[in-house]
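A.B. asks: Take this sequence and fold it.
(3 chains)
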Amino acid sequence: MKFKLEIAPLNLDQTLGCGQTFRWRRLGDGLWEGPLGDQLVRMAQRGSILEVEARPGGKHARRLVQEHLRASDDVPEIQRKLAKDTVLAPGIAHVKGLRIVKMDEWECLVSFVLATYANIPRIAKMIETLSSRYGEEIVNGIRAFPTHDRLSEVSRTEMAGLGLGYRAEYIHSLCRTIDDESVSRLGKLSFSSLREELKELPGVGDKVADCVSLFGFGRLEAFPIDVHIERAFARLYHKKGPYSKLRTFASERFGEYAGYAQEYLFYNERLRAPGGACLFSKK
DNA sequence: GCCCAGGAGTGTG
DNA sequence: CACACTCATGGG
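C.D. replies: Got it, this is the predicted structure:
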């Protein structure tokens, strides 16, 4: 089935390619394909219009895409508030269409546990390994992210043979610590409680808890701090220190939309990686 | 070959 | 609380 959506502002290349999510593939300018829930989705951006093809299709396909791209976020308003930060202000014009995505909670949790101390191509590869082996088929060989129940059936030895490194033990243990019911229960908690409960899970520390809060549970006040953000803070704000200190700083500075600020800084920092441009001022 | 990766867990001062 | 060390391994 095919349908059109209007989502503005939107930059699909920035949103799906910046490294916040791992299963989308870029087929061309503003043209992306990937599994979303039980659908294989192809999206082409024509300005603010998104042309979507979903297979096998269904009534919920439209809602799936709207939710994933957080169509109801008032991004211009979020940016107006964040632009009060004099460091962010000059760069925001370059990321007007970069939106936070909303992932499935379970997929997000596993993905970011796998993402510890690995680069993005490898993260994508590990996720594809799990999906191709244990995911439900959507259409011709493309498989959904595996359910908790299916992943729980994988033995420790089998998991250890998948090229996940020490993360294999985390995932195996994670499956035994949490189930679908407890995941949905987490969704009802306040941000601070959610964060504390996530940190109880194997393989989940400060950073992963914040990623899962932000991209999985949609808590825009979450501010994940990885090596890139640490560098950005040191360079742009002259801020260093332990996680808790940096998180408090981010929370005070960016407030309820800290997650968007984080994604702008992350995008900028990764862009600069092999000598790219810098969008934000050094103040 | 070398360096690094969207860190977490554990032990120590 | 703050730091040091270890963990397993592929991508650039």
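A.B. asks: Contact partners for the residue lying closest to A:Tyr134 once chain neighbours are set aside?
C.D. replies: Excluding the flanking residues, the one nearest A:Tyr134 by Cβ to Cβ, 6 or more residues apart in numbering is A:Pro146, at 3.8 Å. The way it works is simple: take the backbone N, C-alpha and C, and place the C-beta from them, glycine included. Contacts for A:Pro146 (Cβ atoms under 8 Å, 6 or more residues apart in numbering) come out as A:130-131, A:133-136.
A.B. asks: can you list those residues in TSV and add distance to A:Gly47?
C.D. replies: What follows is those, written out as TSV (distance: Cβ to Cβ, whole Å):
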residue	distance to A:Gly47
A:Leu130	36
A:Ser131	32
A:Arg133	39
A:Tyr134	39
A:Gly135	33
A:Glu136	35
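A.B. asks: Let me know the closest of these to DNA strand B.
C.D. replies: Distances from DNA strand B to the contacts of A:Pro146, taken as Cβ to the nearest atom of the strand, are shortest for A:Leu130 (17.0 Å).
A.B. asks: what helix or strand is that closest one on?
C.D. replies: helix A:120-134 (DSSP states H and E).
A.B. asks: next one: A:Ala209
C.D. replies: Here A:Ala209 is assigned to helix A:206-211, by DSSP H and E.
A.B. asks: Please save the CA atoms from that helix in PDB.
C.D. replies: Taking Å, rounded to 0.1, in the frame of the first residue of the first chain, the C-alpha atoms of helix A:206-211 are listed here in PDB:
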ATOM      1  CA  ASP A 206      23.800   5.800  32.700                       C
ATOM      2  CA  LYS A 207      24.300   6.300  28.900                       C
ATOM      3  CA  VAL A 208      22.200   3.300  27.700                       C
ATOM      4  CA  ALA A 209      19.400   4.200  30.200                       C
ATOM      5  CA  ASP A 210      19.300   7.700  28.800                       C
ATOM      6  CA  CYS A 211      19.300   6.400  25.200                       C
END
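A.B. asks: contact partners of that helix?
C.D. replies: A:108, A:112-113, A:115-116, A:195, A:198-199, A:222-226, A:243-244, A:247.
A.B. asks: With stretch A:56-72 instead?
C.D. replies: Against stretch A:56-72 from outside (Cβ under 8 Å, 6+ apart): A:1, A:3, A:5, A:7, A:10, A:15, A:36-39, A:41, A:43, A:50, A:52, A:54, A:99-103, A:138-139, A:218.
A.B. asks: For DNA strand C, tell me which of the contacts of helix A:206-211 show up nearby.
C.D. replies: Among those, the residues lying close to DNA strand C (Cβ under 7 Å from any atom of the strand) are A:Ser244.
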